[in-house]
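Participant: Fold the following.
(2 chains)
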Amino acid sequence: MKVGVVVFPGSNCDHDAYRAFKLVSGVEPIYLWHGSHDLENSDIVVLPGGFSYGDYLRAGAIARFSPIMKKVFDFAHNGGVVLGICNGFQILTESGLLPGALLRNNGLRFVCKEVILRVETDRPLITADIKPGTLLRMPVAHGEGGYFANHSDITRLETSGRILFRYVDSAGAVTSGANPNGSINGIAGIVNEDGNVFGMMPHPERASEAILGSSDGLALIKSLCLQVAGGAVAR
Amino acid sequence: MKVTANIRVFLKDGVLDPQGVTIGRALQDLGFGNVLQVSTGKMFKLELDAETEVEAKKIAGDAASKLLANPIIERFEVEVVR
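Facilitator: Numbers count the residues shown, from 1 in each chain, chains lettered A, B, ... in the order given. Predicted structure coming up:
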(Lines give C-alpha, C1' and ligand atoms only; values in the text may rest on other atoms or scores of the structure.)
Protein backbone atom coordinates (compact mmCIF):
# COMPACT_ATOMS: atom_id res chain seq x y z
CA MET A 1 0.00 0.00 0.00
CA LYS A 2 1.33 3.38 -1.00
CA VAL A 3 0.74 6.62 0.91
CA GLY A 4 1.45 9.94 -0.81
CA VAL A 5 1.99 13.05 1.29
CA VAL A 6 1.49 16.26 -0.68
CA VAL A 7 4.01 19.01 -0.03
CA PHE A 8 2.89 22.59 -0.69
CA PRO A 9 5.12 25.61 -0.16
CA GLY A 10 4.43 26.26 3.52
CA SER A 11 3.40 22.73 4.53
CA ASN A 12 4.95 21.99 7.90
CA CYS A 13 3.33 18.75 9.07
CA ASP A 14 4.38 16.76 6.02
CA HIS A 15 7.23 15.05 7.86
CA ASP A 16 5.02 14.26 10.85
CA ALA A 17 2.43 12.70 8.55
CA TYR A 18 5.14 10.77 6.71
CA ARG A 19 6.50 9.41 9.96
CA ALA A 20 3.11 8.46 11.44
CA PHE A 21 1.99 6.65 8.28
CA LYS A 22 5.32 4.86 8.04
CA LEU A 23 5.05 3.79 11.67
CA VAL A 24 1.60 2.32 11.08
CA SER A 25 1.92 0.85 7.61
CA GLY A 26 5.56 -0.19 7.78
CA VAL A 27 5.97 1.20 4.28
CA GLU A 28 7.85 4.38 3.38
CA PRO A 29 5.34 6.95 2.14
CA ILE A 30 6.28 9.20 -0.75
CA TYR A 31 6.28 12.98 -0.96
CA LEU A 32 4.26 14.50 -3.77
CA TRP A 33 5.35 18.01 -4.79
CA HIS A 34 2.52 20.53 -5.33
CA GLY A 35 3.78 21.27 -8.83
CA SER A 36 3.67 17.61 -9.86
CA HIS A 37 0.98 16.12 -12.10
CA ASP A 38 1.39 12.59 -10.80
CA LEU A 39 0.13 10.88 -7.63
CA GLU A 40 2.58 8.03 -8.34
CA ASN A 41 -0.01 5.32 -7.76
CA SER A 42 -0.77 6.37 -4.20
CA ASP A 43 -3.57 4.45 -2.48
CA ILE A 44 -4.01 7.15 0.17
CA VAL A 45 -3.27 10.83 -0.43
CA VAL A 46 -2.59 13.01 2.62
CA LEU A 47 -2.91 16.80 2.51
CA PRO A 48 -0.86 17.78 5.57
CA GLY A 49 -1.06 20.72 7.94
CA GLY A 50 0.84 23.94 7.59
CA PHE A 51 0.39 27.29 5.92
CA SER A 52 0.29 26.50 2.23
CA TYR A 53 1.09 29.56 0.14
CA GLY A 54 1.44 31.54 3.36
CA ASP A 55 -2.33 31.24 3.99
CA TYR A 56 -2.56 34.21 1.63
CA LEU A 57 -6.07 35.28 0.64
CA ARG A 58 -7.74 32.51 2.71
CA ALA A 59 -6.23 29.38 4.19
CA GLY A 60 -6.13 26.78 1.42
CA ALA A 61 -7.53 29.10 -1.26
CA ILE A 62 -4.42 29.17 -3.44
CA ALA A 63 -3.29 25.62 -2.78
CA ARG A 64 -6.48 24.20 -4.26
CA PHE A 65 -5.40 25.49 -7.69
CA SER A 66 -1.94 23.90 -7.60
CA PRO A 67 -1.21 21.31 -10.32
CA ILE A 68 -1.24 18.29 -7.99
CA MET A 69 -4.76 19.19 -6.82
CA LYS A 70 -6.17 18.49 -10.29
CA LYS A 71 -4.92 14.94 -9.85
CA VAL A 72 -6.27 14.81 -6.30
CA PHE A 73 -9.73 15.83 -7.63
CA ASP A 74 -9.69 13.04 -10.22
CA PHE A 75 -8.41 10.58 -7.63
CA ALA A 76 -11.13 11.56 -5.13
CA HIS A 77 -13.86 11.49 -7.76
CA ASN A 78 -12.79 7.95 -8.64
CA GLY A 79 -13.12 6.84 -5.02
CA GLY A 80 -9.49 7.38 -3.95
CA VAL A 81 -8.94 7.93 -0.24
CA VAL A 82 -7.88 11.48 0.69
CA LEU A 83 -7.16 12.71 4.21
CA GLY A 84 -6.82 16.43 4.86
CA ILE A 85 -5.43 17.45 8.24
CA CYS A 86 -5.72 21.05 9.45
CA ASN A 87 -4.55 23.11 6.45
CA GLY A 88 -5.35 20.02 4.39
CA PHE A 89 -8.96 20.19 5.64
CA GLN A 90 -9.06 23.88 4.69
CA ILE A 91 -7.82 22.99 1.19
CA LEU A 92 -10.52 20.30 0.85
CA THR A 93 -13.32 22.72 1.77
CA GLU A 94 -11.91 25.46 -0.47
CA SER A 95 -11.79 22.97 -3.33
CA GLY A 96 -15.34 21.80 -2.76
CA LEU A 97 -14.33 18.19 -2.09
CA LEU A 98 -15.84 18.69 1.37
CA PRO A 99 -18.76 20.98 2.22
CA GLY A 100 -18.49 24.11 4.35
CA ALA A 101 -15.61 26.39 5.26
CA LEU A 102 -13.21 27.00 8.13
CA LEU A 103 -13.63 30.40 9.74
CA ARG A 104 -11.28 32.44 11.85
CA ASN A 105 -11.40 31.11 15.42
CA ASN A 106 -14.05 32.84 17.49
CA GLY A 107 -11.64 33.28 20.40
CA LEU A 108 -9.45 35.80 18.54
CA ARG A 109 -6.30 33.79 18.77
CA PHE A 110 -4.31 31.03 17.22
CA VAL A 111 -5.13 27.95 19.28
CA CYS A 112 -2.38 25.44 19.94
CA LYS A 113 -3.32 22.88 22.58
CA GLU A 114 -4.49 19.36 23.22
CA VAL A 115 -8.18 18.73 22.72
CA ILE A 116 -10.46 15.77 23.34
CA LEU A 117 -12.36 14.32 20.42
CA ARG A 118 -15.38 12.06 20.63
CA VAL A 119 -15.63 9.54 17.82
CA GLU A 120 -19.14 9.83 16.40
CA THR A 121 -19.35 6.89 14.01
CA ASP A 122 -17.53 3.72 13.04
CA ARG A 123 -18.96 3.58 9.54
CA PRO A 124 -16.20 5.55 7.74
CA LEU A 125 -12.88 3.86 6.97
CA ILE A 126 -10.92 6.17 9.27
CA THR A 127 -12.89 5.17 12.38
CA ALA A 128 -13.89 1.65 11.32
CA ASP A 129 -11.86 0.06 14.12
CA ILE A 130 -12.89 2.52 16.82
CA LYS A 131 -16.00 2.30 18.95
CA PRO A 132 -18.30 5.33 18.70
CA GLY A 133 -18.11 7.39 21.88
CA THR A 134 -14.38 6.70 22.28
CA LEU A 135 -12.48 9.80 23.44
CA LEU A 136 -9.18 10.59 21.70
CA ARG A 137 -6.61 13.17 22.77
CA MET A 138 -4.62 15.05 20.17
CA PRO A 139 -3.47 18.60 19.49
CA VAL A 140 -5.01 21.35 17.42
CA ALA A 141 -2.91 24.23 16.05
CA HIS A 142 -4.80 26.70 13.90
CA GLY A 143 -6.04 30.24 13.53
CA GLU A 144 -8.88 29.42 11.17
CA GLY A 145 -10.59 26.27 12.37
CA GLY A 146 -14.17 27.19 13.09
CA TYR A 147 -16.23 24.77 11.02
CA PHE A 148 -19.08 26.52 9.25
CA ALA A 149 -21.61 25.32 6.71
CA ASN A 150 -25.08 26.49 5.81
CA HIS A 151 -28.02 25.07 7.68
CA SER A 152 -28.96 22.47 5.06
CA ASP A 153 -25.37 21.18 4.75
CA ILE A 154 -25.10 20.85 8.54
CA THR A 155 -28.41 18.99 8.66
CA ARG A 156 -27.28 16.69 5.86
CA LEU A 157 -23.97 15.97 7.62
CA GLU A 158 -25.72 15.30 10.91
CA THR A 159 -28.47 13.08 9.57
CA SER A 160 -26.21 11.03 7.30
CA GLY A 161 -23.67 10.24 10.01
CA ARG A 162 -20.85 12.16 8.36
CA ILE A 163 -19.57 13.95 11.44
CA LEU A 164 -16.40 12.03 12.35
CA PHE A 165 -15.49 13.79 15.61
CA ARG A 166 -16.65 16.53 17.94
CA TYR A 167 -14.70 18.57 20.48
CA VAL A 168 -15.83 17.46 23.93
CA ASP A 169 -14.91 17.89 27.59
CA SER A 170 -13.32 15.13 29.66
CA ALA A 171 -16.77 13.70 30.38
CA GLY A 172 -17.43 13.40 26.64
CA ALA A 173 -19.94 16.23 26.47
CA VAL A 174 -20.07 18.83 23.71
CA THR A 175 -19.69 22.17 25.51
CA SER A 176 -18.70 25.64 24.40
CA GLY A 177 -15.74 25.46 26.78
CA ALA A 178 -14.43 22.37 25.01
CA ASN A 179 -14.84 23.97 21.59
CA PRO A 180 -11.53 25.65 20.70
CA ASN A 181 -12.67 27.65 17.69
CA GLY A 182 -16.43 28.13 17.50
CA SER A 183 -17.13 25.20 15.19
CA ILE A 184 -20.85 24.61 14.66
CA ASN A 185 -22.07 21.70 16.84
CA GLY A 186 -18.47 21.17 17.97
CA ILE A 187 -17.59 19.61 14.62
CA ALA A 188 -13.89 18.68 14.40
CA GLY A 189 -13.91 16.40 11.36
CA ILE A 190 -16.19 15.27 8.55
CA VAL A 191 -16.32 12.84 5.65
CA ASN A 192 -17.79 13.36 2.18
CA GLU A 193 -20.91 11.66 0.92
CA ASP A 194 -19.01 8.87 -0.85
CA GLY A 195 -17.00 8.10 2.29
CA ASN A 196 -13.54 8.52 0.74
CA VAL A 197 -12.56 12.12 1.54
CA PHE A 198 -11.81 12.95 5.18
CA GLY A 199 -11.11 16.33 6.74
CA MET A 200 -10.20 17.17 10.31
CA MET A 201 -8.66 20.15 12.11
CA PRO A 202 -6.93 18.19 14.93
CA HIS A 203 -3.59 16.50 14.24
CA PRO A 204 -3.55 12.70 14.58
CA GLU A 205 -0.02 12.61 13.14
CA ARG A 206 1.21 14.75 16.04
CA ALA A 207 -0.31 12.31 18.54
CA SER A 208 1.60 9.30 17.32
CA GLU A 209 3.82 8.44 20.25
CA ALA A 210 3.53 8.54 24.06
CA ILE A 211 6.52 10.88 24.30
CA LEU A 212 4.56 13.43 22.26
CA GLY A 213 1.83 13.46 24.93
CA SER A 214 -0.55 11.07 23.21
CA SER A 215 -0.55 8.25 20.73
CA ASP A 216 -4.31 8.35 20.20
CA GLY A 217 -3.92 9.64 16.66
CA LEU A 218 -2.40 6.35 15.58
CA ALA A 219 -5.78 4.63 15.96
CA LEU A 220 -7.17 6.73 13.11
CA ILE A 221 -4.19 6.26 10.83
CA LYS A 222 -4.15 2.56 11.63
CA SER A 223 -7.83 2.17 10.87
CA LEU A 224 -7.46 3.97 7.55
CA CYS A 225 -4.38 1.98 6.52
CA LEU A 226 -5.86 -1.37 7.55
CA GLN A 227 -9.10 -0.71 5.72
CA VAL A 228 -7.43 0.47 2.54
CA ALA A 229 -4.79 -2.29 2.61
CA GLY A 230 -7.55 -4.82 3.22
CA GLY A 231 -9.30 -3.67 0.08
CA ALA A 232 -12.24 -2.03 1.85
CA VAL A 233 -14.19 0.31 -0.34
CA ALA A 234 -15.44 3.67 0.86
CA ARG A 235 -18.85 3.56 2.47
CA MET B 1 -8.23 50.09 -22.68
CA LYS B 2 -6.89 50.02 -19.18
CA VAL B 3 -9.58 49.79 -16.55
CA THR B 4 -9.40 49.51 -12.79
CA ALA B 5 -11.82 47.24 -10.99
CA ASN B 6 -12.21 47.42 -7.24
CA ILE B 7 -13.56 44.26 -5.65
CA ARG B 8 -14.80 44.37 -2.09
CA VAL B 9 -15.29 41.11 -0.25
CA PHE B 10 -17.29 40.85 2.96
CA LEU B 11 -18.46 38.00 5.15
CA LYS B 12 -22.09 37.14 4.54
CA ASP B 13 -24.67 38.15 7.11
CA GLY B 14 -24.86 35.53 9.81
CA VAL B 15 -21.21 34.48 9.47
CA LEU B 16 -19.34 35.32 12.64
CA ASP B 17 -16.81 38.14 12.16
CA PRO B 18 -14.68 38.09 15.34
CA GLN B 19 -12.31 40.73 13.95
CA GLY B 20 -15.19 43.11 13.29
CA VAL B 21 -16.65 42.51 16.75
CA THR B 22 -13.29 43.16 18.41
CA ILE B 23 -12.57 46.30 16.40
CA GLY B 24 -16.08 47.55 17.13
CA ARG B 25 -15.51 47.05 20.83
CA ALA B 26 -12.19 48.92 20.65
CA LEU B 27 -13.86 51.83 18.88
CA GLN B 28 -16.55 51.92 21.58
CA ASP B 29 -13.83 52.04 24.22
CA LEU B 30 -12.23 54.96 22.40
CA GLY B 31 -15.44 56.91 22.69
CA PHE B 32 -16.96 56.19 19.29
CA GLY B 33 -20.33 55.51 20.83
CA ASN B 34 -22.08 56.10 17.51
CA VAL B 35 -20.39 53.10 15.94
CA LEU B 36 -22.97 50.35 16.22
CA GLN B 37 -21.29 47.61 14.26
CA VAL B 38 -18.06 46.98 12.34
CA SER B 39 -17.68 44.50 9.50
CA THR B 40 -14.26 43.60 8.19
CA GLY B 41 -13.52 42.60 4.64
CA LYS B 42 -10.92 42.77 1.93
CA MET B 43 -10.47 44.95 -1.07
CA PHE B 44 -8.70 43.97 -4.27
CA LYS B 45 -7.71 46.43 -6.96
CA LEU B 46 -7.37 44.84 -10.38
CA GLU B 47 -5.77 46.68 -13.30
CA LEU B 48 -7.43 45.18 -16.35
CA ASP B 49 -7.13 45.33 -20.08
CA ALA B 50 -10.73 45.31 -21.37
CA GLU B 51 -12.67 46.57 -24.37
CA THR B 52 -15.53 47.98 -22.32
CA GLU B 53 -16.41 48.63 -18.72
CA VAL B 54 -19.03 45.90 -18.97
CA GLU B 55 -16.36 43.43 -19.99
CA ALA B 56 -14.09 44.62 -17.17
CA LYS B 57 -16.88 44.12 -14.68
CA LYS B 58 -17.46 40.61 -15.96
CA ILE B 59 -13.77 39.67 -15.75
CA ALA B 60 -13.52 41.06 -12.21
CA GLY B 61 -16.71 39.26 -11.19
CA ASP B 62 -15.40 35.98 -12.57
CA ALA B 63 -12.10 36.44 -10.70
CA ALA B 64 -14.00 37.13 -7.49
CA SER B 65 -16.28 34.10 -7.91
CA LYS B 66 -13.43 31.77 -8.77
CA LEU B 67 -10.77 32.83 -6.30
CA LEU B 68 -11.08 36.11 -4.42
CA ALA B 69 -14.25 35.28 -2.50
CA ASN B 70 -15.44 32.01 -1.00
CA PRO B 71 -19.17 31.93 -1.86
CA ILE B 72 -19.96 29.77 1.16
CA ILE B 73 -19.03 32.50 3.62
CA GLU B 74 -18.44 35.67 1.60
CA ARG B 75 -20.18 38.06 -0.78
CA PHE B 76 -18.53 40.58 -3.07
CA GLU B 77 -19.15 43.82 -4.95
CA VAL B 78 -17.39 44.96 -8.11
CA GLU B 79 -16.89 48.60 -8.97
CA VAL B 80 -15.24 49.61 -12.24
CA VAL B 81 -13.39 52.93 -12.32
CA ARG B 82 -11.59 54.47 -15.26
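
Participant: got the contact list for the residue of chain A found nearest chain B?
Facilitator: In chain A, the residue that lies nearest chain B is A:Ala101 (4.6 Å; Cβ to the nearest Cβ). To be clear about C-beta, it is placed using only N, CA and C from the backbone, and glycine gets the same treatment. Residues counted as contacts of A:Ala101 (Cβ atoms under 8 Å, 6 or more residues apart in numbering or on different chains) are A:Thr93, A:Glu94, A:Phe148, A:Ala149, B:Asn70, B:Ile72, B:Ile73.

Participant: Just the pLDDT for the fourth one.
Facilitator: Note for A:Ala149: predicted pLDDT of 97.

Participant: Verify the stated contact: it with A:Leu102.
Facilitator: No: look at A:Ala149 against A:Leu102 with Cβ atoms under 8 Å: they stay out of range, at 10.2 Å.

Participant: who has more neighbours, those two?
Facilitator: Neighbours around A:Ala149 and A:Leu102, counted as other Cβ atoms under 10 Å in any protein chain shown, are more numerous at A:Leu102. The numbers are 29 against 21.

Participant: The more buried one touches A:Met201, doesn't it?
Facilitator: Yes: counting by Cβ under 8 Å, A:Leu102 does reach A:Met201; the two are 7.1 Å apart.

Participant: Show only the entries of the contacts of A:Ala101 found in strands.
Facilitator: When the contacts of A:Ala101 are checked against strands (DSSP state E), the matches are A:Phe148.

Participant: just curious, which of the contacts of A:Ala101 is nearest to A:Ile68?
Facilitator: When the contacts of A:Ala101 are compared for distance to A:Ile68 (Cβ to Cβ), A:Glu94 wins out at 14.5 Å.

Participant: contacting residues for that closest one?
Facilitator: For A:Glu94, the contact set (Cβ under 8 Å, 6+ apart) comprises A:Arg58, A:Ala59, A:Gly60, A:Ala61, A:Ala63, A:Arg64, A:Ala101, B:Asn70.
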